[in-house]
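Chemist: Pasting the sequence and the predicted coordinates here, then a few questions.
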Amino acid sequence: NIFLNEKSLNYLVYAKGETAKPDTNRIWAGIENYKLFIGDSRFWTTEPDLSLKKLPMKKQLCEIKNFDAESPPSILWAGDLNKDNKLDLIISRSRHYNSEVISLYLSSPNSKDPFPVEVAKLDTVGC
C-alpha cells in the first residue's frame, strides 16, 4: 500500500489478484485477475479479508487478466505533473517481460472526481 498526502485526500493505492500456477500454457507462475485501486485512506479499515468494500471513495485504475510474476505492475512516478495540486501517476502495467505498457493518469482541477484518470498509454513490444 502506498499512502500519498494531498490537501483534501490521503491517497491509498492497493492491488488485488490471485496466484496463477504454472501449467502447459505458462512456464512460470504468475498473477491472475489483478486489479489496481486508489482510494481515500481516511476511510480504510484493516478488515481481515482486505476487501475494502466499505471504502466509500475508491476507483479502479486498471485491470490485468494475467501477467508473469517476473513483470509485475508498478507505480513509476507519483506527484503533481499538471500543477493542479492533485495526484498524478505514471504506472507500468506490463503483462510479459518482453512488452511494456506505461500509462499516464492525470487529475483535473475542474473534475468532481478526486482521483486521476488514464489520459495516455504507451504500448511497446521487444524483439
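Modeler: Perfect, I can see it now.

Chemist: Just give me the residue closest to the centre of the chain.
Modeler: L36 (3.6 Å; Cα atoms, centre = their mean).

Chemist: Contacts only, for that one.
Modeler: By Cβ atoms under 8 Å, 6 or more residues apart in numbering, the contact list for L36 reads 13-15, 60-63, 73, 91, 93. Every residue, glycine included, has its C-beta placed from N, CA and C.

Chemist: which of those count as buried?
Modeler: 13-14, 61-62, 73, 91, 93 (16 or more other Cβ atoms under 10 Å).

Chemist: Now for those residues: which two are most distant?
Modeler: Using Cβ to Cβ, the buried ones among the contacts of L36 span at most 14.8 Å, a distance reached by Y14 and R93.

Chemist: Using PDB, write down the CA coordinates of stretch 91-110.
Modeler: Only the C-alpha atoms of stretch 91-110 are listed here, as PDB (Å, rounded to 0.1, in the frame of the first residue of the first chain):
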ATOM      1  CA  ILE A  91       2.100   3.300 -14.000                       C
ATOM      2  CA  SER A  92       3.800   0.400 -15.700                       C
ATOM      3  CA  ARG A  93       1.200  -2.400 -16.300                       C
ATOM      4  CA  SER A  94       3.100  -4.900 -18.400                       C
ATOM      5  CA  ARG A  95       1.900  -8.500 -18.800                       C
ATOM      6  CA  HIS A  96       5.100 -10.100 -20.000                       C
ATOM      7  CA  TYR A  97       8.900  -9.400 -19.700                       C
ATOM      8  CA  ASN A  98       9.200  -8.700 -23.400                       C
ATOM      9  CA  SER A  99       6.500  -6.000 -23.500                       C
ATOM     10  CA  GLU A 100       5.700  -2.900 -21.700                       C
ATOM     11  CA  VAL A 101       2.600  -0.800 -21.200                       C
ATOM     12  CA  ILE A 102       3.100   2.600 -19.500                       C
ATOM     13  CA  SER A 103       0.000   4.700 -18.700                       C
ATOM     14  CA  LEU A 104      -0.200   8.300 -17.600                       C
ATOM     15  CA  TYR A 105      -3.000   9.200 -15.100                       C
ATOM     16  CA  LEU A 106      -3.900  12.800 -14.600                       C
ATOM     17  CA  SER A 107      -6.300  14.500 -12.200                       C
ATOM     18  CA  SER A 108      -8.300  17.500 -13.300                       C
ATOM     19  CA  PRO A 109      -8.800  20.600 -11.200                       C
ATOM     20  CA  ASN A 110     -12.300  21.000 -12.700                       C
END
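
Chemist: Understood, closing this out.
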